[in-house]
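Chemist: Using only what follows, build the 3D model:
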Amino acid sequence: MHGEKMILMVEDNRDDEELTLRALRKQGIVNEVVVARTGEEALDFLFATGAHAGRDTKALPQVMLLDLNLPRMNGLDVLRRIRAEPTTQYLPVVVLTSSKEDEDVLRSYSLGANAYVRKPVDFAHFSEAVRTLGLFWLLLNERPPPSR
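Modeler: Predicted structure coming up:
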């Protein structure tokens, strides 16, 4: 059963996944984290298709942490799909990427990303960024009411 305020992390790099999970734990964020390794897997989870067929689509993540550099379907394509669907158009999406390209920042925001965080090499800074994200997206942010 997916509990309330679950986090969906879309990340194909196991080191980055472990780093993010460590940072979440260090900050006392114990919310369930569902990990998708590809953009397609993330969309299957959100729309209850493929391996996730039959999943309750009302149980949306509280926030999605989205890497841009994914195999096959990149993070920007995932974001485009999410914003095009009524069920997920308001899902909070934090782009969490090592990309230093200004173009990626601009395109992420133009496609409806709620925040853009560069994965730093320094764990202490990253951990602090994760703490701030957790406080905001898991505790303070008010989600729009479900569409009727």
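Chemist: could you point out the longest helix in the chain?
Modeler: The single longest helix within the chain, with elements called by DSSP state H, is helix 14-26.
Chemist: Can you name every helix or strand that that one contacts?
Modeler: Using 3 or more C-beta pairs under 8 Å, 6 or more residues apart in numbering; DSSP states H and E as the contact criterion, the secondary-structure elements in contact with helix 14-26 are strand 7-10, strand 33-36, helix 123-133. (C-beta placed from N, C-alpha, C; glycine too.)
Chemist: Redo those as TSV? Include distance to Ser108.
Modeler: Formatted as TSV, these follow (distance: least, C-beta to C-beta, whole Å):
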stretch	distance to Ser108
strand 7-10	13
strand 33-36	18
helix 123-133	15
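Chemist: still on that earlier bit, which residues outside the longest helix of the chain are in contact with it?
Modeler: Contacts with helix 14-26, where a contact means C-beta atoms under 8 Å, 6 or more residues apart in numbering, come from 7, 9, 11, 31, 33, 35, 65, 67, 96, 98, 119, 123, 126-127, 129-131, 134.
Chemist: and those, which are buried?
Modeler: 7, 9, 11, 31, 33, 35, 65, 67, 96, 119, 126-127, 129-131, 134 (16 or more other C-beta atoms under 10 Å).
Chemist: chain center to the helix or strand Phe45 falls within, what's the gap?
Modeler: Under the assignment given by DSSP states H and E, the secondary-structure element containing Phe45 is helix 39-47. In terms of C-alpha atoms, centre = their mean, to the nearest Å, the centre of helix 39-47 is set 11 Å apart from its chain centre.
Chemist: distance of the closest residue to Gln27 other than its chain neighbours from Leu68?
Modeler: Nearest residue to Gln27, sequence neighbours excluded (C-beta to C-beta, 6 or more residues apart in numbering): Arg131, at 4.1 Å. Counting by C-beta to C-beta, to the nearest Å, the gap between Arg131 and Leu68 amounts to 22 Å.
Chemist: try Leu43
Modeler: Taking C-beta to C-beta as the measure, Leu43 and Leu68 are separated by 15 Å.
Chemist: For those two, indicate the residue with more neighbours.
Modeler: When Leu43 and Leu68 are compared on other C-beta atoms under 10 Å, the one with more neighbours turns out to be Leu68, at 24 against 21.
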